[in-house]
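Student: Could you look at this predicted model? Sequence included:
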Amino acid sequence: MKLLDSTDSGNSSSIERTQYPYVTGTSVIGIKYKDGILMAADMGASYGSTLRYKSVERVKPVGKHSLIGASGEISDFQEILRSLDELILYDNMWDDGNSLGPKEVHNYLTRMMYNRRNKFDPLWNSLVLGGVKNGQKYLGMVSMIGVHFEDNHVATGFGNHLARPILRDEWHENLTFEDGVKLLEKCMRVLLYRDRSAVNKLQIAKITEEGVTVSQPYALKTFWNFNAFQNPTAGAEGSW
Amino acid sequence: MTKQHQNWSPYDNNGGTCVAIAGADYCVVAADTRAVGCISPFTGAVRQKLGMLRVISHLGMFGGELSRADKSLMASSGFQADVRALQKVLAARHLIYQHQHNKQMSCPAMAQLLSNTLYYKRFFPYYAFNVLGGLDTEGKGCVFTYDAVGSYERVGYSSQGSGATLITPFLDNQLKSPSPLLLPAKDAVTPLSESEAIDLVKTCFASATERDIYTGDKLEIVVINADGIRREYMELRKD
């Protein structure tokens, strides 16, 4: 996706930049719970409106204390993962016993996204970053143009419309792991029903003081036999 | 075939309202804490209350430490990412100033720096609408008001941001500051006492919140006077 090279001399009119995404992933949801952060994303990646890939991991661990989830251009996400890997590696090479926490990684991502929008060559993603370090839970988001914030629960894309209202109603500080997973599954099920680019294959990732676990892919139970699903045009029949 | 893909804009308007009032020996700067966002690249206009917090001290984020030495306060609205970048640049420049001169920058100096910083990006502007308040070198209250590219003016009071259209005429009516065209020039500071000014600010925001969807959640008020600097909050409508 990255065709721009800043050292490319002269001839700036011939420089091409990504002006729209090709392969995109849909919503990611993240919540704080009693012991840390939970994040959920399905594994679909669309080529326009075609569901092209069905086993794409969109939630990944970053270093020891953080978890990143991405929606938007998959190739840009992979580029972001590459540079985060490099960041963590170079930080590790100091060998001073310090390591970057979620707050630092979130800040780094924010600067990276904002810097690229300044070059008119954005990374086409909405990112969710969560983690735990020194008993501090952290959950934040960054958009493709560098807008960023922290919250107790966050969602990207369609999740903003469909999952956030549920989370505002039902989220509380002392969610157990089981209740947290149930809440995320409730949100993912709504998204599955209403978001055409969502697929029924998802992963839930957990991060606590002990470390990261990303679940095996699994499917949600669905029920499609509601009348309105089976006969969607009833009550809105056209003349033909 | 018509175009199938979405386009993008480097800007977003996250809304927010700021007000500043200068008195004889104090300055009140206030901003609401709501930010509304179009935060998704793939769904058109997501209007969402982020419950995100607007900034006041030019050195810290919302709710950040206030220092007794602080001389100026900036309240901003507009595009959140630009606002944060602008605050970062000012904080860095101010740190350099402190190292070079061993003192805090005065409010009028900070006002000029803010103007220059905004104008530096004249052809790719910071989409940020600011008011700067504090005490001048004589200890008098001062307010500076800006546009996005750095034009600025010293005034007695000002409002910027999404609720400015509702608040400015109300302040004009209440404060009746003398025309800047009068000769000899009359002082623009307001005749109100400190507590009256704070009450006026609260009324302004309570009213703006009724009609402006981009304003609400919570109000942060910072007051600076000879005794130092303090902060208070007021709850606003959350819908």
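Tutor: That came through fine. Numbers count the residues shown, from 1 in each chain, chains lettered A, B, ... in the order given.

Student: What pLDDT is listed against the most centrally placed residue in chain B?
Tutor: Of all residues in chain B, the one closest to the mean position by Cα atoms, centre = their mean is B:Ala75, 2.3 Å from it. pLDDT for B:Ala75: 90.

Student: pretty sure it is touching B:Val28, no?
Tutor: No - using Cβ atoms under 8 Å, B:Ala75 is not in contact with B:Val28; the gap is 10.5 Å. Heads up, the C-betas are built off the backbone N, CA and C, glycines and all.

Student: So for these two, which residues contact both of them?
Tutor: Listed as contacting both B:Ala75 and B:Val28 by Cβ atoms under 8 Å, 6 or more residues apart in numbering or on different chains are B:Val19, B:Ala20, B:Gly133.

Student: How about the secondary structure of the second one?
Tutor: The assignment at B:Ala20 comes out as strand when based on DSSP: H, G, I helix; E, B strand; the rest coil.

Student: quick one: B:Ile224 is in a strand?
Tutor: Yes - the assignment for B:Ile224 by three-state DSSP puts it in a strand.

Student: Now do the contacts for the closest residue to it other than its chain neighbours.
Tutor: Leaving aside its sequence neighbours, B:Ile224 sits nearest to B:Cys27 (Cβ to Cβ, 6 or more residues apart in numbering or on different chains; 5.0 Å). Contact partners of B:Cys27, counting by Cβ under 8 Å, 6+ apart, are B:Ala20, B:Ile21, B:Leu73, B:Gly133, B:Gly134, B:Leu135, B:Gly141, B:Cys142, B:Val143, B:Val223, B:Ile224, B:Asn225.

Student: in what helix or strand does the residue nearest to the centre of chain B lie?
Tutor: Secondary structure assignment for B:Ala75, by DSSP states H and E: strand B:72-78.

Student: Show me what that strand packs onto, helices and strands only.
Tutor: Counting contacts by 3 or more Cβ pairs under 8 Å, 6 or more residues apart in numbering or on different chains; DSSP states H and E, strand B:72-78 is packed against strand B:17-22, strand B:26-32, helix B:80-101, helix B:107-120, strand B:128-135, strand B:157-161.

Student: run the last query once more with 6 Å
Tutor: strand B:26-32, strand B:128-135 (3 or more Cβ pairs under 6 Å, 6 or more residues apart in numbering or on different chains; DSSP states H and E).

Student: Output it in CSV, but only the C-alpha positions, please.
Tutor: Extracted as CSV, the C-alpha positions of strand B:72-78 are listed here (Å, rounded to 0.1, in the frame of the first residue of the first chain):
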residue,chain,number,x,y,z
SER,B,72,-1.2,31.3,30.6
LEU,B,73,-4.0,28.9,29.8
MET,B,74,-5.1,27.8,26.5
ALA,B,75,-8.5,26.3,25.7
SER,B,76,-9.0,24.8,22.2
SER,B,77,-11.6,23.3,20.0
GLY,B,78,-11.7,21.9,16.5
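
Student: how big is the angle separating that strand from strand B:17-22?
Tutor: Between strand B:72-78 and strand B:17-22, the angle comes out at 150 degrees (axes from the mean of the first three to the mean of the last three Cα atoms, to 10 degrees).

Student: So what's the gap between strand B:72-78 and the chain middle?
Tutor: 3 Å (Cα atoms, centre = their mean, to the nearest Å).

Student: gap between the lowest-mean-pLDDT helix or strand in chain A and the chain center?
Tutor: Scoring the helices and strands of chain A by mean pLDDT, DSSP states H and E places helix A:227-230 at the bottom, with a mean of 85. Offset of helix A:227-230 from its chain centre (Cα atoms, centre = their mean): 31 Å.

Student: which outside residues touch that helix?
Tutor: Applying Cβ atoms under 6 Å, 6 or more residues apart in numbering or on different chains, helix A:227-230 has no contact partners.

Student: which one in the contacts of B:Cys27 is the model shakiest on?
Tutor: Minimum pLDDT across these falls on B:Leu73, with 89.

Student: count of residues packed around that residue?
Tutor: Using other Cβ atoms under 10 Å in any protein chain shown, B:Leu73 has 29 other residues around it.

Student: how about the closest residue to it other than its chain neighbours, what does it touch?
Tutor: The shortest distance from B:Leu73 to any non-neighbouring residue, by Cβ to Cβ, 6+ apart, is to B:Val29 (4.3 Å). B:Val29 is in contact with B:Ala20, B:Leu73, B:Ala75, B:Gly133, B:Val222, counting by Cβ under 6 Å, 6+ apart.

Student: Kindly report the same for B:Gly156.
Tutor: Neighbours of B:Gly156 in contact, by Cβ under 6 Å, 6+ apart: B:Ala22, B:Ser177, B:Ala188, B:Val189, B:Thr190.

Student: Could you identify which of the residues you listed has the most neighbours?
Tutor: Busiest of the contacts of B:Gly156 [other Cβ under 10 Å] is B:Ala22, holding 31 neighbours.

Student: pLDDT weak spots in the chain?
Tutor: Answering for chain A, as no chain was given. Low-confidence segments of chain A (pLDDT under 70): A:1-16, A:18, A:240.

Student: looking at chain B here, not the other one
Tutor: Chain B contains residues with pLDDT under 70 at B:1-5, B:37-65.

Student: how does it look with 80?
Tutor: Within chain B, the stretches with pLDDT under 80 are B:1-6, B:35-70, B:180.

Student: which bits of chain A sit near chain B?
Tutor: Neighbours of chain B within chain A, by Cβ under 6 Å from any Cβ of the partner chain: A:20, A:72, A:114, A:117, A:124, A:126, A:143-147, A:149, A:157, A:160.

Student: where exactly do the helices run in chain A?
Tutor: Assigned by DSSP state H, chain A shows helices spanning A:74-92, A:102-118, A:158-162, A:164-170, A:177-194, A:227-230.

Student: B:Met110: which of those helices is closest?
Tutor: For B:Met110, the closest of the helices of chain A is helix A:102-118, at 23.5 Å, according to Cβ to Cβ.

Student: Who are the packing partners of that closest one?
Tutor: Against helix A:102-118 (3+ Cβ pairs under 6 Å, 6+ apart) you get strand A:125-133, strand A:136-142.

Student: most packed of these?
Tutor: Across those, the average number of neighbours (mean count of other Cβ atoms under 10 Å in any protein chain shown) peaks for strand A:125-133, which reaches a mean of 28.

Student: Could you list every helix and strand in contact with it?
Tutor: The contact analysis (3+ Cβ pairs under 6 Å, 6+ apart) places strand A:125-133 against strand A:28-33, strand A:36-42, strand A:66-73, helix A:102-118, strand A:136-142, strand A:202-208.

Student: Restrict it to CA atoms and write it as CSV.
Tutor: Presented in CSV, the C-alpha positions along strand A:125-133 are these (Å, rounded to 0.1, in the frame of the first residue of the first chain):
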residue,chain,number,x,y,z
ASN,A,125,-6.9,1.8,10.0
SER,A,126,-8.8,2.4,13.2
LEU,A,127,-6.7,0.8,15.9
VAL,A,128,-7.6,-0.4,19.4
LEU,A,129,-4.8,-0.7,21.9
GLY,A,130,-5.2,-2.4,25.3
GLY,A,131,-2.9,-3.6,28.0
VAL,A,132,-1.9,-4.0,31.6
LYS,A,133,1.3,-2.9,33.2
